[in-house]
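Participant: Sequence and predicted structure are below.
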Amino acid sequence: MPLDAGFDPDVRHDEAEWSDPHRILTESPTLGDALRRAREHSDRPIDELSAATRVHARYLRALEQGDFTALPSQVFALGYVRAYAAALGLDEQLAAERFKRESPHAPVGLQPPTGVDVREARRSSPRLIAAAAALVFAVVGWNVFQRVSLMQAPTPPAIFETPETWSLGSAPGVVRLGAPRAAPPDQTVPALYITPGLEAELSGLESEAEGDGQAATPAPTAPVQRAFNPRGATYGAAPTASHVVIQAQRPASIVVRMADGRVLFARQLAAGESWRAPRDVAATIDVSEPSAFTVYLNGEYEGALTSALTPLAGLNARAQAAARQTASALAQRTATIPPAG
């Protein structure tokens with residue numbers, strides 16, 4: 001029941017009466033009336049007080065009107081009363097004690113303070129659970145599909161499978177090649193910078209100073225073997241799967257046939273283009289002009305082709321023998337080096 005202390009809210013009081021927060025709370029008929037009179041005296045709108053207290057405006061209006069059914073549970077409502085009283089300059093403890101006396105004493109379960117519709121939340125719960133289950137099922141299914149796909153790796157094609165574009169002859173085993181074609185984009189390499197005089201030095205020739213007009217003379221010492229220098233597209237096997245490289249010094253054709261007549265490689269190479277030979281493949285290299293091609297074994301210059309038909313197995317055997325000899329010499333040299341210290 002409201003406390004009747006003989007304080008008439010409709011009668012105008014002096015400022016001295018408003019300056020006493022105890023009197024305002026004790027002499028007002030209800031707590032809500034005291035809060036409303038204090039707010040009106042402060043000339044502050046309820047929205048401003050809502051922002052200052054962080055309490056929704058509808059709860060502040062419910063406190064002023066004494067509508068306790070619109071408030072959440074008493075635990076939250078007491079906090080709202082204290083915050084509202086402090087913002088209006090009233091005594092927080094007195095306001096809380098009066099709220100306890102005027103509010104219903106029946107125990108009320110905890111209620112959401114932000115106005116959440118519990119019934120709507122319960123209705124939407126099955127849909128949320130179904131959506132979460134569908135998402136989990138999709139993620140698990142995708143991972144299973146990826147693992148199955150990785151287990152079924154594609155079978156790599158044979159290295160000597162002949163593309164249809166190479167079957168240009170009118171009879172089996174006959175291949176006709178035209179002029180050199182442009183290299184594919186993925187095989188095109190930029191032009192390398194060549195130090196003037198470097199090629200002559202590496203090939204065992206010493207060039208006279210520029211402008212002398214004299215021909216190059218052989219170097220008196222043994223020439224340094226030239227390393228493979230790609231000057232165009234390089235076809236064939238990967239560098240790690242090859243010991244032999246054949247490079248064209250000028251435009252010429254090359255056809256590599258397997259023992260059963262199948263064509264492994266056929267192309268009119270431009271100057272600087274190369275072909276890497278695969279290891280452990282029995283084939284014959286057929287060139288239009290042997291002197292137009294140079295051979296590199298293990299990346300080092302070996303010389304020009306000596307005949308139009310050259311067995312690839314012989315070149316691979318020479319490359320492997322040279323690699324073993326180099327490894328043996330390196331091992332012996334390492335063994336003769338005394339340990340440090």
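Facilitator: Happy to help now that I have it.

Participant: Give me the three-state assignment for the spatially closest residue to Pro239 that is not a sequence neighbour.
Facilitator: Distances taken as Cβ to Cβ, 6 or more residues apart in numbering place Arg276 nearest to Pro239, at 6.9 Å, with adjacent residues excluded. C-beta: built from backbone N, CA, C; applies to glycine. With DSSP: H, G, I helix; E, B strand; the rest coil as the basis, Arg276 sits in strand.

Participant: since we're on the spatially closest residue to Leu305 that is not a sequence neighbour, how many residues are nearby?
Facilitator: Nearest non-adjacent residue to Leu305, counting by Cβ to Cβ, 6+ apart: Pro290, 4.0 Å away. For Pro290, the neighbour count with other Cβ atoms under 10 Å is 15.

Participant: In contact with Pro290: list those residues for me.
Facilitator: Ala304, Leu305, Thr306, Ser307, Ala308, Thr310 (Cβ atoms under 8 Å, 6 or more residues apart in numbering).

Participant: Could you measure from Gln93 over to Ile246?
Facilitator: Applying Cβ to Cβ, to the nearest Å, the value for Gln93 to Ile246 is 100 Å.

Participant: Show me which of the two is the more surrounded one.
Facilitator: Using other Cβ under 10 Å, the more surrounded residue of Gln93 and Ile246 is Ile246, with 25 against 11.

Participant: Name the strands paired with the host helix or strand of the more buried one and say parallel or antiparallel.
Facilitator: Here Ile246 sits within strand 244-248, counting by DSSP states H and E. According to DSSP bridges, strand 244-248 forms sheet pairs with strand 274-277 (antiparallel), strand 293-297 (antiparallel).

Participant: Columns neighbour count and pLDDT on top of the contacts of Pro290, output as JSON lines?
Facilitator: Shown next, in JSON lines, are these (neighbours: other Cβ atoms under 10 Å; pLDDT from 0 to 100):
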{"residue": "Ala304", "neighbour count": "13", "pLDDT": "90"}
{"residue": "Leu305", "neighbour count": "20", "pLDDT": "91"}
{"residue": "Thr306", "neighbour count": "9", "pLDDT": "88"}
{"residue": "Ser307", "neighbour count": "10", "pLDDT": "89"}
{"residue": "Ala308", "neighbour count": "11", "pLDDT": "88"}
{"residue": "Thr310", "neighbour count": "20", "pLDDT": "90"}
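
Participant: The residues you listed in strands, which ones?
Facilitator: Within those, residues falling in strands by DSSP state E are Ala304, Thr310.

Participant: can you tell me how far Glu40 sits from Leu49?
Facilitator: For Glu40, the distance to Leu49 (Cβ to Cβ) stands at 12 Å.

Participant: Mind checking which of those two has more residues around it?
Facilitator: Taking other Cβ under 10 Å, Glu40 and Leu49 do not tie; Leu49 has more neighbours (19 against 10).

Participant: Need phi/psi at that one.
Facilitator: In terms of degrees, to the nearest 10, the main-chain angles of Leu49 are phi -70, psi -30.

Participant: Could you find the closest non-adjacent residue to it?
Facilitator: Leu49 sits nearest to Ala87 (Cβ to Cβ, 6+ apart), 5.3 Å away.
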